[in-house]
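In: Predicted structure and sequence below. I'll ask about it afterward.
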Amino acid sequence: MDNQSAVITEVDVTIEGGWVLTVDADRRVFRDGFVAIDGSKIVAVGRHRELAQRYRGRRVIDGTNKVTMPGMSNGHRHLLCCAKGAMPEGGTTLEALRRFIYPSFAQLTEEDMHAYALHATAEMIRFGTTSFEEPGCNHLPAVLDAITTSGMRCRTGPWTWDQAGSAGDNGLPHWLSFTAQECLQRLEQGLETVRAFGNPRIRDAVTIEGVGTCSDELTAGAAKLAQEAQSLMVLHKATSEREVEIELEQFGHRPVEHMLKIGALNDRVFMNHVTCINDDEVQMIADTGVRISQNPSTALKLAKGTTRTGKWPELLAADVPVMLGTDAENCSNHQDITRAMYLAALLPRDARADPNAVTAEQAIEMATINGSRALGWDDIVGGLQVGKEADITVFDATDFDWRPLHNPVANLVYGATGHSVHTVLIGGDVVLDNKTLTWADPDELREQVEAIDRRVLSEIGIDPKPQWPVY
Ligand SMILES: [Zn+2]
């Protein structure tokens, strides 16, 4: 043994053995890998047989029979939502919004938002997600507090609309009713609130609703504000064929095209859904540097037409940062980005009868490094590489869904779900340990959230139950 290999550096955590998918610049994969973490950062990634002689972890995570990869990102996860499974079945997007989603949002108090945010972050971590985009919440300080407790990375801002968009205000609740100017002030205040809160894991966003509920003045003003403040303007856009029809009738332009016409497309714009666009709009998105969250489970549940009118392979081919999201409690009913990867890889193949439309590797990139690019976090997270923050998800690969295990990329995308997530680290902190949250009691969270759900559902007159007779 030479002198160099005899030097052993003590670090906070090591993950020793098993498959490691780095998703780094070279997309290196190690069969018998090793990750060393000190403080919040990754200090070494490589082969076990080499690094085990150089690093000793004060805490050792056994990586054998596991698959270690970068923590996943969720590009669309509302915290302002409730009562999973309670939304009446059979509605279109616009019907669901007006009958259930907006009225329930309007009922939530500051304490409710805090409890939902804790529950939602707990669920995301349990399924391997370490960062997310929250597209506009109410009671922002309570939400910031809850996210901090969870340890997650997040971009968020206040729920904002002026109810003066292409869909009119028919049926919208009289809740958070603002003029365009008041909205812009609220958005600026949101930036200040997040920045003053001072958690380096939470970044601000200029959050407007966007599906026909915002005036051009607000949409263009928000895009400008995001650029000036070096934030992200987050909105829902091009979410259904109906939305496109409405904008064509009113403006003579499709939604993305209309945003370009009013000067609201720039490289600080982050659009959610984008399930109904054409090739010209793909080009507009690519040319202006817009970022996107594709949310396949919500597209399927709300019948958005993503397989017919989505342009996912084209957006990826144009190097648009496309990430994956889930959405609110009742739009997706799960917060599992592994399931989103499965859909994102397979739906375009069937839609185009092309087995190469989206690859398994591209699906993992959307869930990890593309997510960091889209959310503007790729300066510090996104791949397992030296110097990056240690946001890491470790899957237990012992059960049938992972076996036989020859190619972890294929098993992860086609076979696994987030239920097999074993351990999660964010910034070097272990937030899930052997499938158990280290920072919250799930029984307590569930009881709190279900009590709030019951109150809100009775306030909005919904009695959730199966359509079959219940005794
Ligand atoms: Zn949404």
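Out: Cool, the structure landed. Numbering: from 1, shown residues only.
In: which residues of the stretch 201-350 of the chain fall in helices?
Out: In the stretch 201-350 of the chain, the segments counted as helices under DSSP state H, counting those that start in this stretch are 216-228, 241-251, 255-261, 279-288, 296-301, 306-309, 312-317, 329-332, 337-352.
In: Of the ones you listed, which is nearest residue 455?
Out: Comparing the helices of the stretch 201-350 of the chain by their distance to residue 455 (C-beta to C-beta), the top pick is helix 329-332, with 15.4 Å. Where you see a C-beta, it was placed from the backbone N, CA and C, and this is true even at glycine.
In: and that closest one, what other elements does it pack with?
Out: helix 296-301 (3 or more C-beta pairs under 8 Å, 6 or more residues apart in numbering; DSSP states H and E).
In: and the residue nearest to residue 361 when sequence neighbours are not counted, backbone torsions?
Out: Distances taken as C-beta to C-beta, 6 or more residues apart in numbering put residue 409 closest to residue 361, at 6.0 Å, once the chain neighbours are dropped. When read as degrees, to the nearest 10, the backbone of residue 409 gives phi -60, psi -50.
In: What is the neighbour count of residue 409?
Out: Residues near residue 409, counting by other C-beta atoms under 10 Å, number 18.
In: That one and residue 194, how far apart?
Out: Distance of residue 409 to residue 194, given as C-beta to C-beta, to the nearest Å: 36 Å.
In: Next, count neighbours for the closest residue to residue 261 other than its chain neighbours.
Out: Distances taken as C-beta to C-beta, 6+ apart put residue 253 closest to residue 261, at 5.9 Å, once the chain neighbours are dropped. Residues lying near residue 253 (other C-beta under 10 Å) number 16.
In: Next one: residue 443 from residue 433, what distance?
Out: Where residue 433 is concerned, residue 443 sits at a distance of 17 Å (C-beta to C-beta).
In: Now for the closest residue to residue 425 other than its chain neighbours: which residues touch it?
Out: Leaving aside its sequence neighbours, residue 425 sits nearest to residue 392 (C-beta to C-beta, 6+ apart; 4.5 Å). Applying C-beta atoms under 8 Å, 6 or more residues apart in numbering to residue 392 gives the contacts 15, 35, 37, 68-71, 130, 384, 423-425.
In: Low-confidence stretches in the stretch 51-200 of the chain?
Out: Applying pLDDT under 70 to the stretch 51-200 of the chain picks out residues 170-171.
In: and the nearest residue to residue 309 once chain neighbours are set aside, how many neighbours?
Out: Using C-beta to C-beta, 6+ apart and skipping the chain neighbours, the partner closest in space to residue 309 is residue 276 (4.2 Å). Counted by other C-beta under 10 Å, the residues lying close to residue 276 total 26.
In: do the same with the one 3 residues further on
Out: Counted with other C-beta under 10 Å, the burial measure for residue 279 works out to 9 neighbours.
In: That one touches residue 317, doesn't it?
Out: No - using C-beta atoms under 8 Å, residue 279 makes no contact with residue 317, being 11.2 Å away.
In: Look up which helix or strand residue 449 falls in, please.
Out: helix 442-459 (DSSP states H and E).
In: quick one: the strands in the stretch 1-150 of the chain?
Out: For the stretch 1-150 of the chain, strands defined by DSSP state E, counting those that start in this stretch occupy the ranges 9-16, 19-21, 29-30, 33-38, 41-47, 55-62, 66-70, 72-74, 129-133.
In: Compare those and give me the one nearest residue 402.
Out: The nearest among these, by C-beta to C-beta, is strand 66-70 at 7.5 Å.
In: Residues touching that closest one, excluding its own?
Out: 15, 17-23, 33, 35, 364, 368-369, 381-384, 391-397, 402, 405, 408, 411-412, 422.
In: Repeat that for stretch 418-426.
Out: 13, 37, 61, 66, 71, 125-130, 151-153, 201, 336-339, 389-397, 399, 401-402, 430-435.
In: Run the chain-centre distance for that stretch.
Out: Computed by C-alpha atoms, centre = their mean, to the nearest Å, the chain-centroid distance of stretch 418-426 equals 16 Å.
In: correct me, but residue 83 touches residue 457?
Out: Yes - contact criterion C-beta under 8 Å: residue 83 and residue 457 qualify, at 5.6 Å.
In: So for these two, which residues contact both of them?
Out: Common neighbours of residue 83 and residue 457 (C-beta under 8 Å, 6+ apart) are 104, 464.
In: Tell me which of the two has more neighbours.
Out: Higher neighbour count among residue 83 and residue 457: residue 83, with 21 against 18, using other C-beta under 10 Å.
In: Could you report the distance from the more buried one to residue 451?
Out: Distance from residue 83 to residue 451, by C-beta to C-beta: 11 Å.
In: do the same with residue 199
Out: 28 Å.
In: now residue 271
Out: Distance of residue 271 to residue 451, computed by C-beta to C-beta: 35 Å.
In: who does the residue nearest to residue 425 bridge with?
Out: In this structure, residue 392 bridges to residue 70, residue 425 when assessed by DSSP bridges.
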